[in-house]
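Novice: Could you work out the structure for the sequence below:
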Amino acid sequence: MPPFAGNTVEPLHDYEDTITHIVHDVSQARHFVHIEYYILALDETTEPLFAAIEAACTRGVVVRVLYDAFGSRKFPRRKEMIARLQSRGAETHAMLPLRLPGKFYTRPDLRNHRKLVVVDGEVGYTGSLNMVERAYHRKDAIIYDEMVVRLEGPIVLQLEAVFLTDWHSETGVIIAEPRRNLEKQLVARGTTTAQVIPSGPGYEYENNLKAFNGSFYQASSRITIVNPYFVPDESLQMALTNAALRGVEVILVNSEAIDQRMVAHAQRSYYQEMLDAGVKIYLYKAPTLLHSKYILIDDDLLLVGSSNMDIRSFELNQELMLAVYDTKVVSQLETITSSYLKRSRRLTKKEWAQRSIGQRFLDSVARLTSSLQ
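Specialist: Next up, the predicted model:
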């Protein structure tokens, strides 16, 4: 989709505050609410959203909800959540449910990893946050930090286009409601230019991978990557090491905390090559896992959304990234990144060289099997 001008992009990085913003906008809906999450769960943190959905349905607002069948399956109260949504009149569908081979066969390795909300086509949200309490109902001490952007302006129409496409893919229904407020949707709400970059196996090209690589090769001074899962393919690894070797400052922020052990070992197998090229690696201190997913290029480009930097996200997952062309927004993210770095420690070549033979072996095995993870 092309860049759209005239938008407002507001970064949100406080977990509970982000949900509060979403609940407020859903509470103001007049026509429709579209919600799509990889993980959607009913718990104490998300209860205000479900209450806002119920109130919206009572007002006559059309509410449509998509959730990934695999991503949401393990969380408590799932059946209660679905029954509650449907009983209030919200149209609710699982994305990519497992179906055995036949006419409606669904490959079990495909997932819809997107996170988005659209309210009346005027306000939108996308980013890394799943709609679940901050600890994801884990039994260990890990909690998650996230990054979401709140959008106003014509760019919200692109978010809506992604949702409508996914809705049609899951239901076979083309939503053709009258555009009661199209002129209002096209009114400029700010000065930021942005474009939505959807990706997934249904697209001819690996849009997220190509967007990442293209931006790395064009960077002239600085690349900052904040991502929890960094398992690059050869092209991405080459783009980053080349950037560092030609003098671009490359910063990679990962986490000490591990919630997916094999993925963690696989990503750490790339640290040596990154360090040798001059990449600065920072580890966000446990027990918080930095789940934010964004890239800053120089002082004028932000890529933010749902995509991890691994083969699964490039080839198998339905993902959604937003490109933002605005020095002011990038400056806001730089401030947030600075706060992340204060809560991180820098990984040195000396420290990395001292890891045990067992750790090196596990890293190598995980790297060899990374395409299956």
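Novice: Might you report the residue contacts of the spatially most central residue of the chain?
Specialist: When Cα atoms, centre = their mean is applied to the chain, the residue found nearest the centroid is Ser306 (1.5 Å). Ser306 is in contact with 38, 113-115, 126-128, 293, 319-321, counting by Cβ atoms under 8 Å, 6 or more residues apart in numbering. The way it works is simple: take the backbone N, C-alpha and C, and place the C-beta from them, glycine included.
Novice: Make TSV from the residues you listed and add pLDDT to it.
Specialist: Output for the contacts of Ser306, formatted as TSV (pLDDT from 0 to 100):
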residue	pLDDT
Tyr38	98
His113	97
Arg114	98
Lys115	98
Thr126	98
Gly127	98
Ser128	98
Lys293	98
Glu319	98
Leu320	98
Met321	98
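Novice: List the residues that contact the spatially closest residue to Val117 that is not a sequence neighbour.
Specialist: Spatial nearest neighbour of Val117, chain neighbours left out: Tyr125 (4.3 Å); criterion: Cβ to Cβ, 6 or more residues apart in numbering. Shown in contact with Tyr125 (Cβ under 8 Å, 6+ apart): 18, 21-22, 25, 115-117, 148-151.
Novice: Quick check: strands, which of the contacts of Ser306 are part of them?
Specialist: 115, 126-127, 319-321 (DSSP state E).
Novice: Out of the residues you listed, which comes closest to Asn242?
Specialist: Ranked by distance to Asn242 (Cβ to Cβ), the ones in strands among the contacts of Ser306 are led by Met321 at 21.7 Å.
Novice: does the closest one have beta-bridge partners, and which?
Specialist: Beta-bridge partners recorded for Met321 (DSSP bridges): Ile197, Gly305.
Novice: which ones are touching it?
Specialist: Neighbouring residues of Met321 by Cβ under 8 Å, 6+ apart: 196-199, 207-208, 211, 303-307.
Novice: Look up how far Ser128 lies from it.
Specialist: According to Cβ to Cβ, to the nearest Å, Met321 stands 11 Å off from Ser128.
Novice: any shared contact partners between the two?
Specialist: With Cβ under 8 Å, 6+ apart, Met321 and Ser128 have common neighbours 305-306.
Novice: Give me the distance from stretch 187-206 to the chain's centre.
Specialist: Centre-to-centre, stretch 187-206 and its host chain are 13 Å apart (Cα atoms, centre = their mean, to the nearest Å).
Novice: Also stretch 247-254?
Specialist: That offset, for stretch 247-254, works out to 20 Å (Cα atoms, centre = their mean).
Novice: mean confidence score for that stretch?
Specialist: For stretch 247-254, mean pLDDT is 98.
Novice: and the helix or strand bottoming out on mean pLDDT in the chain, which residues are buried?
Specialist: One helix or strand of the chain scores below all others by mean pLDDT, DSSP states H and E: helix 182-185, with a mean of 74. Of all the residues in helix 182-185, those buried under the rule 16 or more other Cβ atoms under 10 Å are Gln185.
Novice: what's the spacing between that helix and its chain's center?
Specialist: The answer for helix 182-185 is 27 Å, by Cα atoms, centre = their mean.
Novice: just checking, what packs against that helix?
Specialist: Packed against helix 182-185, as judged by 3 or more Cβ pairs under 8 Å, 6 or more residues apart in numbering; DSSP states H and E, are no other helices or strands.
Novice: Put the alpha carbons of it into PDB.
Specialist: Output of helix 182-185 as PDB, limited to C-alpha atoms (Å, rounded to 0.1, in the frame of the first residue of the first chain):
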ATOM      1  CA  LEU A 182     -15.600   8.200   4.400                       C
ATOM      2  CA  GLU A 183     -15.100  11.900   3.900                       C
ATOM      3  CA  LYS A 184     -14.300  12.200   7.600                       C
ATOM      4  CA  GLN A 185     -11.900   9.300   7.400                       C
END
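Novice: and which of the ones in strands among the contacts of Ser306 is nearest to Thr335?
Specialist: Nearest member of those to Thr335, counting by Cβ to Cβ, is Gly127, at 16.8 Å.
Novice: Just give me the neighbour total for that closest one.
Specialist: Applying other Cβ atoms under 10 Å, we find 25 residues neighbouring Gly127.
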